[in-house]
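Participant: Structure for the following, please:
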Amino acid sequence: MNRALSVLAAVVILLPVASAVGDDHLAGPAQVSGALAAAREVHGRDLARIEGMLSGPQAARAATLAHADLAQVRLAVASLGDDELRDLAARAHALDADPVAGNLDPDIRQLLIIFLIVAIVILVFQAVD
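Facilitator: The predicted structure is shown next:
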C-alpha cells in the first residue's frame, strides 16, 4: 500500500513538471502552418525554375543528344526530394544568372543542360534504389 501511494505521489508531483517542460518544445499550429507554407513556396519556386529550364528548345535538343525522354525527365523532377530539387534548381539558376554562364557558346550551354538532365535521371535512379 505504501509503495502504491509513493508511486502515485511521484506521478502527481512529476506530471505538472513534465507537461510544463514539454510545452516549451512544442511548436504551435500557426508556426507549423507557416513553416509548411514556406516549404511549399520554396518547393514550387524550385520546381518552376527547373521546369523553365526543361521547357526551352535547348532542353529538347539536349534530351535528344542524351537519348532521354524529356516527358519522363519532367515526371522524374516531380518525384525528387526537396534537397535534390533545391540543388538542381540552384544549378539551373546558375546557368541563367551567372554572367559567364549566360555568355557561353550555345554548344557548351547545351552540354550543361544535358548534364542537368542526366543529373535528374541519376537522382531518380538513386531514389528508387
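Participant: give me the element the closest residue to Gly81 other than its chain neighbours is part of.
Facilitator: The shortest distance from Gly81 to any non-neighbouring residue, by CB to CB, 6 or more residues apart in numbering, is to Ala127 (7.0 Å). Bear in mind the C-beta positions are built from the backbone N, C-alpha and C, glycine included. According to DSSP states H and E, Ala127 maps onto helix 106-128.
Participant: just to revisit the earlier point, run a quick neighbour tally on the residue nearest to Gly81.
Facilitator: 12 (other CB atoms under 10 Å).
Participant: ditto for Gln126
Facilitator: 9.
Participant: what's the answer for Leu65, then?
Facilitator: 13.
Participant: Quick check: pLDDT value at it.
Facilitator: For Leu65, the pLDDT comes out at 81.
Participant: show me what contacts the residue lying closest to it once chain neighbours are set aside?
Facilitator: Nearest residue to Leu65 in three dimensions, chain neighbours excluded: Ile114, at 5.9 Å (CB to CB, 6+ apart). For Ile114, the contacting residues are Ala62, Ala63, Leu65, Ala66, by CB atoms under 8 Å, 6 or more residues apart in numbering.
Participant: how about these in TSV, adding secondary structure?
Facilitator: Output for the contacts of Ile114, formatted as TSV (DSSP: H, G, I helix; E, B strand; the rest coil):
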residue	secondary structure
Ala62	helix
Ala63	helix
Leu65	helix
Ala66	coil
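Participant: Tell me the one among those nearest to Val77.
Facilitator: Nearest to Val77 among these: Ala63, at 12.5 Å, using CB to CB.
Participant: pretty sure that closest one is touching Val73, no?
Facilitator: Yes - here Ala63 reaches Val73: they are 6.6 Å apart, a contact under CB atoms under 8 Å.
Participant: list residues touching both of these two?
Facilitator: Ile117.
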